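Novice: How does the following fold in three dimensions:
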Amino acid sequence: MVKRSKIKTPDWILKGESAPKSKTKGKTFKIRLCPKCNSDKVSVVIGEVGLWECKNCKWKGPNPKEKELSEDEFMEYLDNKEENEK
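Specialist: Down below sits the predicted model:
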């Protein structure tokens, strides 16, 4: 039988402190981007474990870029995306 290690309680909890602050204020959103063309048209390849594909440039690989945006940044991103698709 393999003995598992116990999960360690974070120091900030043991000290009675508040949780560490996030870099961004409020809710955050993550978008995935193609590392080759920076397109957000990246999706999982069905039937392939851990493989992603860009619908724009046909890149395939295991790790698309991730970008974390605040709610305001995300809304601005969506507005810009909508204008560019017109």
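Novice: Give me the pLDDT value at Ser22.
Specialist: At Ser22, the model reports a pLDDT of 60.
Novice: Please enumerate residues in contact with the helix or strand where Leu69 lies?
Specialist: Here Leu69 sits within strand 65-70, counting by DSSP states H and E. Identification of contacts with strand 65-70 by CB atoms under 8 Å, 6 or more residues apart in numbering yields 23-35, 38, 77. Yep, even glycine has a C-beta here, placed from its N, CA and C like the rest.
Novice: Can you check my assumption that Phe29 lies in a strand?
Specialist: Yes. Assessed by DSSP: H, G, I helix; E, B strand; the rest coil, Phe29 belongs to a strand.
Novice: Can you name the residues that contact Glu20?
Specialist: Slight slip there: residue 20 is Pro, not Glu. Contacts for Pro20 (CB under 8 Å, 6+ apart) come out as Trp12.
Novice: any idea how far it is from Lys6?
Specialist: 22 Å (CB to CB, to the nearest Å).
Novice: again with Arg32
Specialist: If you go by CB to CB, the gap between Arg32 and Lys6 works out to 34 Å.
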